[in-house]
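[1] Attaching a predicted model along with its sequence, questions to come.
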Amino acid sequence: MSIASSIERKTAPAGVRAARGSLLLAAFLIAIFFGVACLALTIGRYPLHLRDIVEFFAAAANLIPMPADRYDLLHNVIIEIRLPRILGAGFVGAALAVSGAAYQSVFRNPLVSPGLLGVLGGASFGAALAILISGKWFIIQLLAFLFGLFAVMLGLGIAHLVGPASIITLVLGGMISGAFFTAALSILKYMADPYDQLPAIVYWLMGSLGGVDLRQVIWLGPPVVIGIMILSGLGRALDALSMGEDEARSLGVPVEAVRYGVIALATFVSALSVSIAGMIGWVGLIVPHFARMIVGPCNARLLPVSAIFGAIFLICADCLARTIGQAEIPIGIMTELLGIPAFLLVLRRARKGWA
């Protein structure tokens, strides 16, 4: 009894320090996120100052007076144009980053991205099909989301054709599914009207946040936040799974349930983000590496930190995309330009192994 009490006294302060460190890190990252979001509100073709942002929200709360024309102008710029785009970038970046971190943990490979199981190929095919048959934005989002999920289900089904699914068969099934929908997308592009439909397909494939509004943000936000919370709650099970299936089973972890549950959640949030913003690459591959450098490989901390980093990264990329040139650059191109040098920085670390 005395030995146990001594051990408890020695380990408790370390646990308290770790908890305090995690809380301080979370508070620091959240503060950075809100700072970046507020700064992004000032950036655009119509530049604003932070003072303008503060005065607008104070006037909206009836704390200070403001001329009606000035208030209407700021309301249009801040609430109707920039705020939905910034929130959309935050949710999409968080969804892609946390899904990438989850996939990397499940497949025990630091070079895995959300498109591994074919979700990007399926979503692209769905969006192109919707552009051909309808052209309405809601139909494009719906079919992109549904075909993204279907592509992953197809990949999982292919993996089970050869017997009990393993990591290798899951990857091969995802590659086959992605290749199939990529070929089907090429057929749709060949059939599309080159003056109307084909440019719309190409533009969607490059990714854009220009069409995001508050209504989309409202129904995008809760599923992404819930998905991040559930995936973070599965962090300890993912840590056990990263040691190997036999070790995880010896610790009482239901390997198959955890694996497919994480794949389902990560696929859901990534397909949802792709349906909103189109094809945005590199976020789910690069951001988890930077988060892992700061908080380590523990998934209970890695997943939420990856989500915050992903939100910050995509907000910054979107600010560059809409200000760096005379015309707005598709955000998918911007993330590729930023992701390539970042990938070169983490490549050496990735070659050394998971830890």
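    Structure received. All values derive from a computational prediction rather than experimental measurement.

[2] where does the stretch 51-200 of the chain dip in pLDDT?
    Within the stretch 51-200 of the chain, the set of residues satisfying pLDDT under 70 comprises 163-165.

[3] ok, which stretches of the stretch 251-355 of the chain are strands?
    Under the criterion DSSP state E, counting those that start in this stretch, the stretch 251-355 of the chain carries no strands.

[4] What ranges does it have for its helices?
    Counting by DSSP state H, counting those that start in this stretch, the stretch 251-355 of the chain has helices at residues 255-277, 283-295, 299-321, 331-351.

[5] so how far is residue 259 from the nearest residue to residue 303 once chain neighbours are set aside?
    With CB to CB, 6 or more residues apart in numbering as the criterion, residue 303 has its nearest non-adjacent residue at 4.6 Å, and that residue is residue 232. Where you see a C-beta, it was placed from the backbone N, CA and C, and this is true even at glycine. Distance, residue 232 to residue 259, by CB to CB, to the nearest Å: 17 Å.

[6] Figure out the helix or strand that the residue nearest the centre of the chain lives in.
    Per CA atoms, centre = their mean, the C-alpha nearest to the average position across the chain is that of residue 96, at 1.7 Å. Residue 96 belongs to helix 83-107 when elements are defined using DSSP states H and E.

[7] repeat for residue 241
    With DSSP H and E as the criterion, the answer for residue 241 is helix 235-242.

[8] What is that helix packed up against?
    Contact analysis of helix 235-242 by 3 or more CB pairs under 8 Å, 6 or more residues apart in numbering; DSSP states H and E lists helix 83-107, helix 245-250, helix 255-277, helix 299-321 as its packing neighbours.

[9] The helix or strand that the first one is followed by versus helix 83-107: what angle between them?
    When you say that, I think you mean helix 83-107. Following the chain from helix 83-107 toward its C-terminal end, the next helix or strand by DSSP H and E is helix 119-133. What separates the directions of helix 119-133 and helix 83-107 is an angle of 140 degrees, with axes from the mean of the first three to the mean of the last three CA atoms, to 10 degrees.

[10] what comes up buried for the helix or strand following helix 119-133?
    Towards the C-terminus, the helix or strand next in line after helix 119-133, according to DSSP H and E, is helix 137-161. Buried positions in helix 137-161, judged by neighbour count with 16 or more other CB atoms under 10 Å: 139-156, 158-159.

[11] buried set for the helix holding residue 241?
    Within helix 235-242, the residues that count as buried by 16+ other CB under 10 Å are 235, 237, 238, 239, 240, 241, 242.

[12] Please tabulate the helices and strands packed on helix 235-242 in a markdown table and include distance to residue 66 as additional columns.
    Written out in a markdown table, the entries for these read as follows (distance: least, CB to CB, whole Å):
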| stretch | distance to residue 66 |
| --- | --- |
| helix 83-107 | 18 |
| helix 245-250 | 59 |
| helix 255-277 | 33 |
| helix 299-321 | 26 |
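
[13] Ranking these by mean neighbour count, which comes first?
    Per-stretch averages of neighbours, counted by mean count of other CB atoms under 10 Å, single out helix 83-107 among the helices and strands packed on helix 235-242, with a mean of 28.

[14] wouldn't residue 298 be in contact with residue 239 here?
    Yes - taking CB atoms under 8 Å as the definition, residue 298 is a contact partner of residue 239 at 6.3 Å.

[15] Distance-wise, check residue 300 relative to residue 238.
    8 Å.

[16] can you pull the contacts of residue 49?
    Shown in contact with residue 49 (CB atoms under 8 Å, 6 or more residues apart in numbering): residue 42.

[17] just so I know, which of the helices and strands packed on helix 235-242 lies nearest residue 122?
    Ranking those by distance to residue 122, with CB to CB as the measure, places helix 255-277 first at 7.9 Å.

[18] mind checking how far the closest one is from the chain centre?
    When C-alpha coordinates are averaged (CA atoms, centre = their mean, to the nearest Å), helix 255-277 and its chain have centres 11 Å apart.

[19] Tabulate the CA atom coordinates of it in PDB.
    Written as PDB, here are the backbone C-alpha positions of helix 255-277 (Å, rounded to 0.1, in the frame of the first residue of the first chain):
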ATOM      1  CA  VAL A 255      -9.300  -3.800 -34.000                       C
ATOM      2  CA  GLU A 256     -11.800  -4.200 -36.800                       C
ATOM      3  CA  ALA A 257     -14.400  -2.000 -35.200                       C
ATOM      4  CA  VAL A 258     -11.900   0.800 -34.500                       C
ATOM      5  CA  ARG A 259     -10.300   0.500 -38.000                       C
ATOM      6  CA  TYR A 260     -13.500   0.700 -39.900                       C
ATOM      7  CA  GLY A 261     -15.100   3.200 -37.600                       C
ATOM      8  CA  VAL A 262     -12.200   5.600 -38.000                       C
ATOM      9  CA  ILE A 263     -12.200   5.000 -41.800                       C
ATOM     10  CA  ALA A 264     -15.900   5.800 -41.900                       C
ATOM     11  CA  LEU A 265     -15.600   9.000 -39.900                       C
ATOM     12  CA  ALA A 266     -12.500  10.200 -41.700                       C
ATOM     13  CA  THR A 267     -14.100   9.500 -45.100                       C
ATOM     14  CA  PHE A 268     -17.400  11.200 -44.000                       C
ATOM     15  CA  VAL A 269     -15.700  14.500 -43.000                       C
ATOM     16  CA  SER A 270     -13.300  14.500 -46.000                       C
ATOM     17  CA  ALA A 271     -16.100  13.800 -48.500                       C
ATOM     18  CA  LEU A 272     -18.200  16.600 -46.900                       C
ATOM     19  CA  SER A 273     -15.300  19.100 -47.200                       C
ATOM     20  CA  VAL A 274     -14.600  18.100 -50.800                       C
ATOM     21  CA  SER A 275     -18.300  18.500 -51.700                       C
ATOM     22  CA  ILE A 276     -18.100  22.100 -50.400                       C
ATOM     23  CA  ALA A 277     -14.800  23.300 -51.700                       C
END
